[in-house]
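Here is a sequence with its predicted model. Questions after.
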Amino acid sequence: MKYAVVAEYFEKLEQTSGRLQMTEILSDLFKETPKAELPILAYLMQGKLRPTLRRSSWGIAEKLALRVDEHRFREEEEQEVKDAYIKGGRHRQRRRKPS
């Protein structure tokens, strides 16, 4: 299917406000599209050119990966605050008396 044909259907969709009319336009588009090109059309309709890659490729759960990132970020942020505090001159290191 030529992209110009798909673009015409997209223009029709943009000009239509009714759900039933949109469904009818999409139905016509799907009927006209060869089966082999349906996945490509589905990506185009989502605004994508290719499938989205999996975010977690380390074999661990996504939530666990987010917690690891959050923990690392928190440690870096705490260190930055400590460094800024020391650099600001407000921190005095206490000298320990020899025991």
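Nice, I can see it.

what about residue 40, neighbour count?
If you count neighbours by other Cβ atoms under 10 Å, residue 40 ends up with 16. Every C-beta, even on glycine, is put in place using the N, C-alpha and C of the backbone.

again, but for residue 16
The burial count for residue 16: 14, using other Cβ under 10 Å.

Residue 25 too?
16.

again with residue 9
So residue 9, with other Cβ under 10 Å, has 19 neighbours.

And residue 35, how far from residue 42?
12 Å (Cβ to Cβ, to the nearest Å).

Of those two, give the one with the bigger neighbour count.
Ranked by neighbour count (other Cβ under 10 Å), residue 35 and residue 42 place residue 42 first, with 13 against 7.

Going by secondary structure, the more buried one is in what exactly?
helix 38-45 (DSSP states H and E).

Name the residues of that helix that are buried.
By neighbour count on 16 or more other Cβ atoms under 10 Å, the buried set for helix 38-45 is 40-41.

Which elements pack onto it?
helix 19-32 (3 or more Cβ pairs under 8 Å, 6 or more residues apart in numbering; DSSP states H and E).

Which neighbouring elements make contact with the helix it packs on?
Using 3+ Cβ pairs under 8 Å, 6+ apart as the contact definition, the elements that helix 19-32 packs against are helix 3-15, helix 38-45.

what about 6 Å?
Where contact means 3 or more Cβ pairs under 6 Å, 6 or more residues apart in numbering; DSSP states H and E, helix 19-32 is packed against helix 3-15.

For the protein, which element, helix or strand, carries the lowest mean pLDDT?
helix 62-87 (a mean of 71; mean pLDDT, DSSP states H and E).

which stretches of this structure have low pLDDT?
The model of the chain has pLDDT under 70 over residues 53-62, 65-66, 68-69, 71-73, 89-99.

Walk me through the domains of it.
3-45, 53-91 (automatic domain parsing).
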